[in-house]
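>>> model this:
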Amino acid sequence: MYQENVVLCGASAYEQKYYFNPDFSSLPEHVKQELQILCVLYTEEVGGVLTLEFDEEGRLQFRTEALEADARYDEIGSALKIKQLRQEKRELLESLEMYYRVFFLGDLPEEDA
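Residues are numbered from 1 along each chain as shown. Okay, here's the model as predicted:
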């Protein structure tokens, strides 16, 4: 059975817009702001479109897209930037994954199960 990823947030360099999924409105305000900064700075630096999505197991995925005519977008630079963000924001990303697994997938941490 195929299940689509659940989008947490995203930003587009083309439309200069940021999107936050209202299903996650219970997240603390500082977390929402940090996600907005992360997404917007990524698209300002690299270009294209970035979305943060949860897969069916609750892992947070960075999905990028770019128009073929976008000469500013660099696939290698994009991959390096995502790697940097994953390292710098590791604690935030892991916390978001735990939040999603508990509140959306109903998985309780093993020590609480």
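>>> what are the ranges of the helices in this protein?
29-46, 75-88, 90-103 (DSSP state H).
>>> what's stretch 44-61 in contact with?
Residues outside stretch 44-61 that contact it (C-beta atoms under 8 Å, 6 or more residues apart in numbering) are 3, 5-14, 19, 35, 39, 42-43, 62-67, 70, 72-74, 77-78, 81, 93, 96-97, 100-101, 104-105, 107. For every residue, glycine as well, the C-beta is placed using N, CA and C.
>>> could you redo the last one with a cut-off of 6 Å?
For stretch 44-61, the surrounding residues in contact (C-beta atoms under 6 Å, 6 or more residues apart in numbering) are 3, 5-13, 39, 42-43, 63-66, 70, 72-73, 77-78, 81, 93, 96-97, 100-101, 105.
>>> Not counting sequence-adjacent ones, nearest residue to the residue most central in space within the chain?
Centroid check for the chain by C-alpha atoms, centre = their mean gives Leu52 as the closest residue, at 2.0 Å. Once flanking residues are discounted, Leu52 sits nearest to Leu8: 4.5 Å by C-beta to C-beta, 6 or more residues apart in numbering.
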